[in-house]
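sequence? don't have it. structure:
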């Protein structure tokens, strides 16, 4: 099977609000898939369902041949899905090094082994200069990078990146894209929510467009950008007139 | 394992010499009483530190496990003539079991709710003990007997023996805490304390780790309870199972330094010293000892929120800032 992730009819309802409805898609091994959509489209809800923060009302999620629909966050992480959060969730009571170590301890009890793995991850993620600093003093860009490092240290097969470019300067975005490509080159599949269309178009193999909790379009960046429904959702149909 | 440097060897050797010499130097029953109580409070603080300090779940009901440890020694001696050397471990097991049941129920709560819930459970346990005749009810239990073998039944005539024995136990627990501090277990607890959502997403089963921390803290506090019973040879619910005791356990750790290895020991030394001396020397002015004690605690917590253990670091940082400011100042 080439798919690392298969999502079927994913539906999440919060009381009267249908946050996700009938979402079906897959992510192939080694692929980078972008998830775009206007605010409130249900992107983060989808990520929360995929990472076990909450469970689907209906539908199923198959990861690497295992049904993870009803599993908790920590079990899903151990199976190989790492994630970052829209609002960076750095463990501010720990140093940068210790934050990454927490991720590295996911698959081992051996501290020496975990420290070595954490050091390598810190190096890959370009955080070596900040390793001994407390996570509380980092700026937004560094906290986002730290989140990627912690998630990557868990040795994921699939990485869920939730708006890792938001609030970054152009230079920081370039660095972040390089890091994502570097991680992907090591065989990690990536599913990323992103508002920055330049980034999405540049790095994604395919793009999923969500609107009002439903899939509006799935395809290559070129296919999606020329899709009528997507243009209408993003530009309210104004592009034609412009 | 890392080898100790010669400086560290000297430091530890010095501390060992002080521990041996102190009870000889201050050779009165009152001094020995204070030293013994310091040891007991140090154990209580080190125990609570696992759930309150490392895992960040403020338990206000740890007097339960202090009482279970004490009562386990007393009742097992009365019912089965069991030596406290064995009974204290039975007490630890019992406390771990009780902590498992209470923790399973309460650890789903966080913050203030958990703090209040643990306090409420402790109050319920106090009322149960008061109304249970089998464990002495409100009058409590008394275990002294001149017929018992003092070594086998841990009832020494010399208070100095208690000091040395309890110091040795504190050192053993300290070494255990020091070792555990650098393991996956403690890193995970700190991560849960810092950000539970992030910890879960990094593969940590937060509920299980918090429960383990709660049980471990109950075991160490129970051990302190057993030692307290052997030292006092008497206890009752109003002595050991009050909210005051639970608060003091929290205070010892907060004052010394929450989530640190040595903080609870420093807190225990300072708090016991203050409380015992104000109690003895100021008790004839009704309530003045408690006022002074309270004010001192408020001042320390207010001005040194990271605990007394943070003082050397604060001084160092202050000096560094002054040094940097001096360098940056323009020459006149």
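Structure received. Treat the numbers as computed from the prediction; the structure is a model and nothing was measured.

Contacts made by the helix or strand in which residue B:14 is found with the rest, please.
Assessed by DSSP states H and E, residue B:14 sits inside helix B:6-25. For helix B:6-25, the external contacting residues (Cβ atoms under 8 Å, 6 or more residues apart in numbering or on different chains) are B:4, B:31, B:32, B:35, B:160, B:163, B:164, B:167, B:171. Glycine gets a C-beta too; all of them are placed from N, C-alpha and C.

Report the buried members of the residues you listed.
Using 16 or more other Cβ atoms under 10 Å in any protein chain shown as the burial test, the contacts of helix B:6-25 include B:31, B:32, B:35, B:160, B:163, B:164, B:167 as buried.

Tell me the one of the contacts of helix B:6-25 nearest residue B:287?
Nearest to residue B:287 out of those is residue B:31 (Cβ to Cβ; 25.5 Å).

Can you report how many residues neighbour the nearest residue to the closest one once chain neighbours are set aside?
Spatial nearest neighbour of residue B:31, chain neighbours left out: residue B:23 (7.6 Å); criterion: Cβ to Cβ, 6 or more residues apart in numbering or on different chains. When neighbours are counted by other Cβ atoms under 10 Å in any protein chain shown, residue B:23 registers 20.

on that earlier part again, could I get the average pLDDT for the helix holding residue B:14?
The average pLDDT within helix B:6-25 is 91.

That helix: which residues count as buried?
B:19, B:23.

ok so, going back, what about the buried ones among the contacts of helix B:6-25, which are in helices?
B:31, B:32, B:35, B:160, B:163, B:164, B:167 (DSSP state H).

Just send the residues you listed back as TSV, with pLDDT too.
Shown next, in TSV, are these (pLDDT from 0 to 100):
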residue	pLDDT
B:31	95
B:32	96
B:35	97
B:160	96
B:163	97
B:164	97
B:167	97
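
which of those lies closest to residue B:236?
Nearest member of these to residue B:236, counting by Cβ to Cβ, is residue B:32, at 23.2 Å.

how about that closest one, what does it touch?
B:23, B:26, B:159, B:160, B:162, B:163.

Not counting sequence-adjacent ones, nearest residue to it?
Closest to residue B:32 by Cβ to Cβ, 6+ apart is residue B:159, at 3.7 Å.

Count residues in the vicinity of the one you found, would you?
With other Cβ under 10 Å as criterion, residue B:159 counts 18.

For chain A, see how far away it is.
41 Å (Cβ to the nearest Cβ, to the nearest Å).

Isn't that residue up against residue B:34?
No: assessed by Cβ atoms under 8 Å, residue B:159 is found out of contact with residue B:34, at 10.3 Å.

which intervals of chain A have sub-threshold pLDDT?
A:1, A:235-242 (pLDDT under 70).

ok, and what's touching the helix of greatest length in it?
The residue-count maximum for a helix in chain A (DSSP H) belongs to helix A:170-185. Contacting residues not belonging to helix A:170-185 are listed as A:30, A:32, A:124-126, A:141, A:144-145, A:148, A:152, A:159, A:161, A:164-165, A:168, A:190, A:192, A:196, A:199, A:202-203 [Cβ under 8 Å, 6+ apart].

Just checking: what are the partner strands of the next helix or strand after it?
The first helix or strand that comes after helix A:170-185 along the chain, using DSSP H and E, is strand A:189-193. Partners of strand A:189-193 in the sheet, by DSSP bridges, are strand A:32-36 (parallel), strand A:158-162 (parallel).

how distant is the helix or strand following strand A:189-193 from the center of its chain?
The C-terminal neighbour of strand A:189-193 among helices and strands, as given by DSSP H and E, is helix A:197-203. Counting by Cα atoms, centre = their mean, to the nearest Å, helix A:197-203 is centred 14 Å from the centre of its parent chain.

For helix A:197-203, which residues meet the burial criterion?
A:199, A:200, A:201, A:203.

Distance to residue A:99 added to those residues, as TSV?
Formatted as TSV, the buried residues of helix A:197-203 follow (distance: Cβ to Cβ, whole Å):
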residue	distance to residue A:99
A:199	24
A:200	27
A:201	31
A:203	25
